[in-house]
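sequence-free structure coming up:
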C-alpha cells in the first residue's frame, strides 16, 4: 500500500509550543464525534492529550500535523516508541476538515516516521466498528492483530483502557507493516 500524501493545498509539518492550545482545541473538537455513541464514558468526553505530552512529542519528533494553505492546523498525529514498534497513540482531525483525506495523510506521515526510525511496523488501538475508527484504519492498510500476537505492552495498554472504563471487547489492536514506500 502506498503512502498517502496530503490533499492539494495541505502540507505535513511539525508544531511549535505556542500552538499547543490549538492542538488541544482540535483534540476536543474531534472527540465530539463520540458523543451519544456510548463508546466513551461521559466523564472522558472532555478529555484531551495533556499539554506536557504534546510538548514532549514535539521535542522528540513524535508529533505530526497537517496544515491548510493558510498554515492553519487541520489535524495531528501523536506517536511513541514501544519495544520496536511505532505506536500511533492518537489522530485528531478538526471536524471542519473532515472527510478530506487529512487523517489518511497523517497516517502517511506516521508511516514515514517509522521508516525514518528503521522500524518495520506501526500499531494502534482503536474501536473496532465505528466508521472513523476500525474501518478507516483498515482502508489505510492496517489489519487487526490476533490476541495471540499481541505484545506484553499491548496487553498492558488494554488493561489501562479497561481500568479507565473503555469496553475493550469493542476495541482491537491493528498493525500495518512497512513495505515498498
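Cool, got the structure. Please read these numbers as outputs of a predicted model, since none were measured by experiment. Numbering: from 1, shown residues only.

ok, residue 86 - contacts?
79, 80, 110, 113, 114, 117, 119, 121, 122, 123 (C-beta atoms under 8 Å, 6 or more residues apart in numbering). For glycine as for every other residue, the C-beta is placed from the backbone atoms N, C-alpha and C.

From those residues, list the buried ones, please.
Listed as buried from the contacts of residue 86 are 79, 110, 113, 114, 119, 122, 123; burial here means 16 or more other C-beta atoms under 10 Å.

Show me the contacts of residue 86 that map onto strands.
79, 80, 121, 122, 123 (DSSP state E).

Including distance to residue 146 and pLDDT, could the residues you listed go into JSON lines?
Listed next are those as JSON lines, based on distance: C-beta to C-beta, whole Å; pLDDT from 0 to 100:
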{"residue": "79", "distance to residue 146": "23", "pLDDT": "97"}
{"residue": "80", "distance to residue 146": "23", "pLDDT": "97"}
{"residue": "121", "distance to residue 146": "15", "pLDDT": "94"}
{"residue": "122", "distance to residue 146": "17", "pLDDT": "97"}
{"residue": "123", "distance to residue 146": "13", "pLDDT": "98"}
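
Please identify which pair of these lies farthest apart.
80 and 121 (14.0 Å; C-beta to C-beta).

Model confidence for the residue lying closest to residue 119 once chain neighbours are set aside, exactly?
Distances taken as C-beta to C-beta, 6 or more residues apart in numbering place residue 86 nearest to residue 119, at 5.1 Å, with adjacent residues excluded. Residue 86 is assigned a pLDDT of 97 by the prediction.

So for stretch 155-162, what gets flagged as buried?
For stretch 155-162, a neighbour-count test (16+ other C-beta under 10 Å) marks 157, 158 as buried.

export the ones in strands among the contacts of residue 86 to CSV and tack on distance to residue 167?
Below are the ones in strands among the contacts of residue 86 laid out as CSV (distance: C-beta to C-beta, whole Å):
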residue, distance to residue 167
79, 25
80, 24
121, 26
122, 24
123, 20
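
ok, so of those residues, who is nearest residue 26?
Closest to residue 26, out of all of those and judged by C-beta to C-beta, is residue 79, at 16.3 Å.

Could you check how far the residue nearest to residue 119 is from residue 120?
Residue 86 is 9 Å from residue 120, where distance means C-beta to C-beta, to the nearest Å.
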